[in-house]
Structure formats: C-alpha cells, structure tokens
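Novice: model this:
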Amino acid sequence: YEERLDHEIRTIQQMKFSGYFLIVWDFVRYAKSRGIPVGPGRGSAAGSLVSYALGITNIDPLQYGLLFERFLNPERISLPDIDIDFCTHRRGEVIQYVTEKYGRDRVAQIITFGTLGARQAIKDVGRAMDMRYEEVDRLTKLIPNQLNIKIEEAIAREPELAQRAKEDPRIAELLDTARKLEGMCRNPSVHAAGVVIAPVPLKQIVPLYRTAKDEIVTQYDMAGLEYLSLLKMDFLGLATLTIVHDCLRLVRTHRGIEIDLDEIPLDDPDTYRLFSEGQTSGVFQFESRGMRDILRRYRPSRIEDLIALNALYRPGPIQGGMIDDFIARKHGKKKITYELPELKPILEETYGVIVYQEQVMQISNVLAGYTLGEADLLRRAMGKKDKSVMAEQRERFIERAVQRGFPRAKVEKIYDLMEQFAGYGFNKSHSAAYAYLAYITAYLKAHYPVEFMCALLTSETGNTSKIVQYINECREMGIKVLPPDVHASDVNFTPDGDAIRFGLCAIRNLGEAAVEAILEARRRVGRFRSIYHFCESVDLSALNRRAIESLIRAGAMDSLPGSRAQKFAAIEAAIEHGQRAWRERVSGQTNLFGAMGLPLEEPPLPEVPDWPTQQLLAGEKETLGFYVTGHPLDAYQDRVSELATHTTASLEELPRGTEVALCGLITQVQRRLSRDEKPWAVVQFEDREGTVEGVVFPSLYEQLINELVPDQPVLIRGTTLPEEGAGVKVAIRDVVPLELARVNLPRLISIRVRLPDPDAEPGQDPAAELSRLFERKPGEASVRLRLEKPNDFSVILDLATKVRPDREFCAEVERICGPEALEILAD
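Specialist: Numbering: from 1, shown residues only. Model prediction:
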C-alpha cells in the first residue's frame, strides 16, 4: 500500500493536480459532514488509492486490482475526471457550497447541445416538408433500433427504406436532407451534472448566458471548456443513494439498529441467494428483466461475479455471445484455457475471458513490457479503432513481446484477442464501484425487506408505473401493502409491523401543508372519533373540501365510522362542524358542555347506499394512481393468465414488431386527425404492472373506435413500436372486451413419459404426478400418452381422462416430464 500511495502522490504532484484532488476532497467532506449521501465511487477515479485515502471513494483499488493509470496517465497530460454521485434531493446543497466558497462569478453550470439523430432528423425534415404525420412515422419505424445508427446505415440494412426512396422522389429528398442534418445541434440545454470552477471571473474567459430559470450557464460545452483547461466537475444526482439513506433511517427508527455500511460483509449468503434467484427488482443496476434472467443462469457467489456481470451487461457483449460463453465457463461447461501461463493471474477471475480494459493494460505490461501509462495509450487506441495507430501498435507490441522470449504465434493470437475484446472491454473501476453499491442495496433488501421497499416506493412517489411494479414485488415477497390511513400513515411509505403503510403524500390533492396538519392534529388528539371530529381537530385552512374528498376516496378514512359513501355525503356538514368548533375556540366562547371538556354534538351520518365495487376502485385509482383494495381484472384472472402473452412491464426489452397480447384497461383515448384529415387515436392502456401507450392508425380507426371504451377490461393485440427516447408503444390491431374473449385450447395433446430404469435410484414418480395434475385440471381435451424406455420400446395409450391444457398445465407437464414432452396434436 505504501509503495502504491507513494507512486500516486508523486504522479499527482508531478502533473500539478494536487489542488484538484483537494477541491474534490473539500466538497465531498462538506457533503458527508452535513449528512448528504455520497456514492462509493464512479468512473476510473475508483482506481486511485489517494481517492480512497481521502474519502473521495469507498473502494480499495488494491483489493479489486484496479489501476491508477486508467485514471491518471502521466504519459497523457490531461485533467483527471472525478465524477461524484450525491443524493438526488440534496445535490444542489453541494453545488451551492462550491458556489459560495469560490464565488458566484467563478462557478457556473455547463451548456449541452441536443443533436439530431436519424429518427429525429427525419421527423423534423418531414414536418418542414409538410408531409403527412403517418407517412413520416412509418419511415421512422423502419430505422433499426440501434443506438446512434446513421441514416446511411439504416438504408443499407433495411431494404424497404431504400425501396421507398427509390419509388417516391419526396421520400428520397427527405432522406437526403435528413442525412445532411444528422448530428447537427438541435437545441441547447443545461448539462445534468457539469459545473465549471474558474480562478478568475468566468465572464473574462467564457461567454455566458442566463437561462429561463435564471441559471448562469457557459456557452461553451464540456469539450470547449476542457480545451481551455478549465476545471470542470460532475455533480451527479443518484436516487439509489437516497433510497439507501432512507432505508438506514427506517431501520434505525423502527428496529433500533444502526447499520455501518463499511461493516457490511461482502460474502453474505442471503444476499447472493437474492441475486441468484433474480429477485433484484429495485436493486441498483441489476433490476432489468434481461439482467435478472442472466443472474438466474449465472448464480453469482462473490463480489467479483457482480463486477463482471455489471461490465458485461451491455449491447456489445450480449450480441457477441460473450455472456453465454462467460456463464458456460463459470459452470464448467466450457474448458478454461490460457494461451500463456502468464495470463492466468490476469484472467483467472473472469474465467479466461478479457472483460475489463484494465486486463488489456495488464497483459501489455506483462507480455510486452509496456509501462502502465503506455498500456493505457494502447487501450485507448484499441477503443477508438484507429487503423493506422492500431497497425503501428500491433507491430510494436509483438516485437517487444518476442524480444522478451514469448512465441510469436502465441503473441499474435493474444494481440488479436485483445483487439477483439477491447471494443467490448469495460472500465473495471467504474464497474467495481457500482457493483459494490448494487451489493449494498441487495443486502438491505435481503435483510431489511420492509424498510428497503418503503424507501424504494417513497423514491418513486408520483411515478405510477413504478409504484405498481414495486407493489407487485412486495406481494411476491409476501409483504402486505396497506392502504393509507389518517390514523396510521406518515408522510411517506413506512413500516407497519411486517407490512408497509401507504404515505399520505401518495394521495393526490394533498399537499405538504395538509399532510402536516393531519399529523399535527393526530399528535394532539390521538385517534379521530369520526369525520366530524376529524374536521374539528385538523386545521381546515390547510385542508380544503377537495383534500377531504381525496382522503375518503383513497380509503384513508376507512378507520372512521361509516362507509365511504356516508362520509362523502357528510363532508359539507363535517366542514361546517369543524369551522364552528374552530370559531368558538378562537373567540374563547363555548357552550356549557364544551366548557366542561365534552365534545360538541355531532350529527348522524347520512343514510345513503354503499358505493358499488367499481366506484370504490375508481376512487382509489383517481386519488392514488392505482388500485389498492382490489383490481377490475380480479374477476378475469384465469382468463388473463391464458390470453396475455406479455405484461406492460415486459415490453421495454422486446424488439420492434414483436406480436403481443395484453389484458388490462384502456384509461384514456385521444382522438386526432392526420394531415390529410384522417382520424386516428392515441390510447393509454394499463394492466397490473404498469402502463403503455397504444396507437390506432387511420386504417383501423373506424373498425376499432367503438371498442375503445375507458375503464373496461379488454384484450388488445398488436405489435411493439419502440420510440427513440420515448419508450415502447403498441400498434393496436384488435380490441376485444375481456368478458367476450375466449381462450382457444387444444382438443388433443400428446405427452411423452420416459419410463425409469428399474435399476436406478428411486426418484419422482411421473405417472403419479401426472395423475394428480389431470385431477386438478379437468377439461375437454383428450390425452395421448407415449410411454418410452430409451433404446428399448415405446407404447401409445389413449386415456379416457380429459383435461384443460392451459399454460399452468403445460408448464407442469414440462416440469414433470422434461422439455418438449408436450405436443399439440389437434387445435
């Protein structure tokens, strides 16, 4: 450690960057002293032992084999880049501190320019050419869903696009013009994190402008400021830090346990079990469906596994098959070999695969004798794929390695592998820091699930689709989510025993002042006896009629006497009762009974019929954004499980044009006209897991418009339409009321049953399990059994038993008899 620390300090001093480190240390120290959550590290700065010693990062670079030269290379003079994550809600306090310390005239945020991508360029040019929206929209849908794809490449890859341009001169002109505009600046905005600090007033060296929000921003972007050698910092807001901070506070408050994150063991079995089972919804960096599938296949058992998966889960490695290869090596299904024994210490932790940029640097150091600074230059050249530089580096690397006694053929092969993987290679320092933060969140979820999910739900207040997703996750975890209650709820989501209680802030039309007024009254009087006592106790200047209506409709007053309908009908009288009580208290006048401390007389609740279930649920949906005590799909659950091929939450990762069937409710229909006056519609659709936008194009509008009825359970069929920067949409082809939708099940199925070897150890009895399954799933489909004994005989039996071969039945057959055991013989 001393040797590494001496080396880093000497390099920092030689490059004259001591002041830079001290500036970062100062504002990080300030944040921590004020209780502002700070991330464990980000980017290549996590590879610096000086950063770790100063408390800038929480990652020990020697423990994880991180390289200082990946962060600060003495052979490439440029400013280091230390990006810091802060709690989203309090990031502004740190920027304010820096602004006040160095002077308002010397600190500013940085401009950034939005540029025209392929789809946006086509849309903008189409609008300027006054072309029909539907026609331009069809063109943009033909652009392959690939990051930063160019129009030229899209035309080469999509024959229909080229054909449309050939057939229609206007489309050819549109694409030609859009091609010229591609990559050009479209609009300015403020960089999400960038802040510049100057030694003199900024107006002396940089043009500035004032935004509509009265922010002072540089007119030079990041690259321009770097060219001027100005000090720029990234103050990033990371919601995960807020979640961790809130979770620790809840554990301290409700369990009396103080958790020191630095003392959390990194070999906790429960945490790795959570990862291995893919139960990572809400876990930083590991919650996507694709990642959860990989976790279940990979079954991580150490922090190094998480670092590697975090680095590999990107389009390049996924499309190149690297993850499948990595998993096969992990489980011994593919032999691990090393071209030279010297590579084993470098590649052993990643099963012989080059995963990190740092590994390329280490190989260059060990084989060719490069300094780590030279190795970093090679790594950069490989990443940029500069052919002339690459050819020069190849020759140099091979000659130096051969001179050091390594076989030329082996060295050439190793260099080719390095070159191949360099395009995929990831910064290990960044991956290690974020994998560590992911582990922390998973540990909290595994050991303090109620507190963690409370913090997670609170962080997503206002994001209905995420709230729905995490409430479903709570149910899967066996955690009950209780509705809001004026007697039990706090401001945010809070633990209530082993359950989670909705926060009052989750209710629409209830501002902070209204919530605080309820809590203050509750502290003063304890429980409210009735809606009249509630209005008598709470400061009604902070709580208007609309807020009280929302409390009732959300179910937050269910613990008071009477039904929701009765309390709703009593609102006017309750407000008058409350106002009279407040007037008398303020004036000091009261009746004889009031002077004796007895409550004012309350009128009885109105006798009105209860609201029907549909109205109760609609009230919850309107005030909370989702259903709490039930769901309109409850009555159709069996049908939903058979008809729906996907949920709204599973659509994001599907390729364009995927056929989907969704069961849920249409919540909103917006009728629109195309440029040639043809009607079409935009539909908001939701199921239990979230929402998605659907589009009904003019060609199907007349056919489907009468089926687009809000708040009615329906089945929709269509195809996915990923939108650049706007998430996925569904082109709706068919809409069927769920009560009329029918499940088409097979009429005849065949099940292959492999008979066990009589000499084998006794195990499961497939015949007995199938018999129990048939009893549980009676129906109309005939069953044919094919009994097989491998390399011996097979017998076919037609059974008298008839079954219902729905999805659950098919899944059970595969579990009992193995994959591909079930065959549909007649639909």
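Novice: The closest residue to residue 692 other than its chain neighbours: neighbour count?
Specialist: Leaving out its chain neighbours, the residue that sits closest to residue 692 by C-beta to C-beta, 6 or more residues apart in numbering is residue 648, at 4.4 Å. Quick note: C-beta positions are derived from backbone N, CA and C, even for glycine. Other residues near residue 648 number 24, with proximity taken as other C-beta atoms under 10 Å.
Novice: my guess is residue 648 meets residue 684, correct?
Specialist: No: using C-beta atoms under 8 Å, residue 648 is not in contact with residue 684, being 10.6 Å away.
Novice: Mutual contacts of those two, please.
Specialist: residue 691 (C-beta atoms under 8 Å, 6 or more residues apart in numbering).
Novice: where's residue 309 relative to residue 259, distance?
Specialist: Counting by C-beta to C-beta, to the nearest Å, the separation of residue 309 from residue 259 is 25 Å.
Novice: which of those two has more neighbours?
Specialist: More crowded of residue 309 and residue 259, by other C-beta under 10 Å: residue 309, with 24 against 18.
Novice: Give the rounded mean pLDDT of the helix or strand that contains that one.
Specialist: For residue 309, the host element (DSSP states H and E) is helix 303-312. The average pLDDT within helix 303-312 is 94.
Novice: any idea which helix or strand comes after it?
Specialist: Next along the chain after helix 303-312, taking DSSP H and E as the criterion, comes helix 315-319.
Novice: Can you spell out which helices and strands pack onto the very next helix or strand once past that next one?
Specialist: With elements assigned by DSSP H and E, the helix or strand that comes after helix 315-319 is helix 322-330. When contacts are defined as 3 or more C-beta pairs under 8 Å, 6 or more residues apart in numbering; DSSP states H and E, helix 322-330 packs onto helix 289-298, helix 303-312.
Novice: Distance from the chain centre to the first one, please.
Specialist: In terms of C-alpha atoms, centre = their mean, to the nearest Å, the centre of helix 289-298 is set 15 Å apart from its chain centre.
Novice: repeat for stretch 770-789
Specialist: Its chain's average C-alpha position is 42 Å from that of stretch 770-789, according to C-alpha atoms, centre = their mean.
Novice: what sits against the closest residue to residue 161 other than its chain neighbours?
Specialist: Leaving out its chain neighbours, the residue that sits closest to residue 161 by C-beta to C-beta, 6+ apart is residue 142, at 4.6 Å. Contacts for residue 142 (C-beta under 8 Å, 6+ apart) come out as 154, 158, 160, 161, 164.
Novice: ok now do the third one, which residues does it touch?
Specialist: Applying C-beta under 8 Å, 6+ apart, we find residue 160 in contact with residue 142.
Novice: Could you look up the SS state of it?
Specialist: Residue 160 falls in the helix class when you classify it by DSSP: H, G, I helix; E, B strand; the rest coil.
Novice: how much space between it and residue 175?
Specialist: In this view, residue 160 and residue 175 are 13 Å apart by C-beta to C-beta.
Novice: Quick one: the contacts of residue 142 as CSV, columns for distance to residue 392 too.
Specialist: Output for the contacts of residue 142, formatted as CSV (distance: C-beta to C-beta, whole Å):
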residue, distance to residue 392
154, 34
158, 37
160, 42
161, 39
164, 44
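Novice: ok, of those, which come out buried?
Specialist: Neighbour-count burial (16 or more other C-beta atoms under 10 Å) applied to the contacts of residue 142 gives 154, 161, 164.
Novice: in the chain, what spans have low per-residue confidence?
Specialist: Residues of the chain meeting the criterion pLDDT under 70: 77, 145-147, 386, 422-423, 588-600, 722-726, 756-764, 790-791, 826-827.
Novice: which parts of the helix or strand hosting residue 177 are buried?
Specialist: Using DSSP H and E, residue 177 maps to helix 169-181. Within helix 169-181, the residues scored as buried using 16+ other C-beta under 10 Å are 171, 174, 175, 177, 178, 179, 181.
Novice: residues in contact with it?
Specialist: Contacts of helix 169-181 (C-beta under 8 Å, 6+ apart): 116, 118, 121-122, 124-126, 129, 131, 136, 139, 150-152, 155, 161, 164-166.
Novice: PyMOL command to pick out the buried ones of those residues?
Specialist: Remark: buried members of those, expressed as a PyMOL selection using 16+ other C-beta under 10 Å:
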select buried, resi 116+118+121+122+124+125+126+131+136+139+150+151+155+161+164+165
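Novice: Inside helices: which ones of the contacts of helix 169-181?
Specialist: The helices, defined by DSSP state H, take in 118, 121-122, 124-126, 136, 139, 151-152, 155, 161, 164-166 from these.
Novice: tell me which of these is nearest to residue 341?
Specialist: Taking C-beta to C-beta as the measure, residue 341 lies nearest residue 152 of those, at 46.6 Å.
Novice: how close does the residue lying closest to the closest one once chain neighbours are set aside sit to residue 153?
Specialist: If the residues on either side of it in the chain are set aside, residue 152 comes closest to residue 179, at 6.5 Å by C-beta to C-beta, 6+ apart. Residue 179 sits 11 Å away from residue 153, going by C-beta to C-beta.
Novice: where does residue 434 land in three-state SS?
Specialist: Assigned by three-state DSSP, the conformation of residue 434 is helix.
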